[in-house]
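In: below is the sequence, then the predicted model.
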There are 2 protein chains.
Amino acid sequence: MFRELNPLLHSELRLAVMSILIGVECADFVFLRKQTGATAGNLSVQIDKLQRAGYIEVEKTYRGKMPCTICRMTDTGREAFAEYVDALKSYIG
Amino acid sequence: MFRELNPLLHSELRLAVMSILIGVECADFVFLRKQTGATAGNLSVQIDKLQRAGYIEVEKTYRGKMPCTICRMTDTGREAFAEYVDALKSYIG
DNA sequence: TTATTTGGTTTATTTTATAAACTACTTTAT
DNA sequence: ATAAAGTAGTTTATAAAATAAACCAAATAA
């Protein structure tokens, strides 16, 4: 009856990050922070979890002299997101 | 951009309970347990939280000699659920 | 009558989310 | 040149949540 909700995606902030990344080629830390309104610490932790799960790739570069963390979704991430959205529908119709 | 997700509803089990209750007049503990596959302890705790939030009403009766806990959604619950579902759409399109 | 099952609740433990504090710089002002 | 303030994060500590394990009271079955 109810499909299981991937706990890695069933988190407001991680879901927001994935929701952004699914629509763009990539996004940096600052952009994600502004779009989500999250604190830097929270965002840092959640990005890490998504990366460890293989849902996103994280590239550490510099923009000028400033550090810049770029995130992009992986195919695995896309699949997981699609499945999560589908599973959600078993709850909210 | 992203609407806030009511943390009381953003929980797999509580969401499942609400999802069941929105479709029926009422449902008892045993039914909810079977439909959700949750443990009794977990279900007990989550029903309590939904009740305290005013999202469901809980009636303690007996079916024959056996205790029977009947749950039904309140108007407040219906509103909260509708808003939650709506907010979710800002994430999953 | 003594298990076993049913229908739960309570308490303890683990996991998760979040905030606070910190690091390593860069930029601006003095 | 130096101090103060800002940027881009990470790490660590704390609060909150989910879950499991243990328990209880009554009913039923052996």
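Out: All right, it came through fine.

In: from now on I want contacts and neighbour counts done on CA atoms only, so please keep to that.
Out: OK.

In: what parts of chain A come near DNA strand D?
Out: Selection of chain A residues close to DNA strand D by C-alpha under 7 Å from any atom of the strand yields A:28-30, A:40-45, A:60, A:66-69.

In: now the buried members of those residues.
Out: A:28, A:29, A:43, A:69 (16 or more other C-alpha atoms under 10 Å in any protein chain shown).

In: what is the nearest of those to residue A:1?
Out: residue A:43 (33.3 Å; C-alpha to C-alpha).

In: show me where chain A has its strands.
Out: Assigned by DSSP state E, the strands in chain A fall at A:27-28, A:56-63, A:66-73.

In: could I get those strands in TSV, plus columns for mean pLDDT and distance to residue B:80?
Out: As requested, the strands of chain A are exported to TSV (pLDDT from 0 to 100; distance: least, C-alpha to C-alpha, whole Å):
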stretch	mean pLDDT	distance to residue B:80
strand A:27-28	97	32
strand A:56-63	96	32
strand A:66-73	96	32
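
In: okay, the residue lying closest to residue A:75 once chain neighbours are set aside and DNA strand C: tell me how far apart.
Out: Nearest residue to residue A:75, sequence neighbours excluded (C-alpha to C-alpha, 6 or more residues apart in numbering or on different chains): residue A:55, at 7.5 Å. Noted for residue A:55: a distance of 14 Å to DNA strand C, by C-alpha to the nearest atom of the strand, to the nearest Å.

In: now do residue A:55, the pLDDT please.
Out: Residue A:55 carries a pLDDT value of 97.

In: who's in contact with it?
Out: Counting by C-alpha atoms under 8 Å, 6 or more residues apart in numbering or on different chains, residue A:55 makes contact with A:73, A:74, A:75, A:76, A:77, A:78, A:80.

In: narrow the residues you listed to those that are buried.
Out: Neighbour counting with 16+ other C-alpha under 10 Å marks A:73, A:74, A:77, A:78, A:80 as buried within the contacts of residue A:55.

In: in helices, which of those appear?
Out: A:77, A:78, A:80 (DSSP state H).

In: which strand residues bridge the residue lying closest to residue A:67 once chain neighbours are set aside?
Out: The shortest distance from residue A:67 to any non-neighbouring residue, by C-alpha to C-alpha, 6+ apart, is to residue A:61 (6.1 Å). Beta-bridge partners for residue A:61, by DSSP bridges, are residue A:68.
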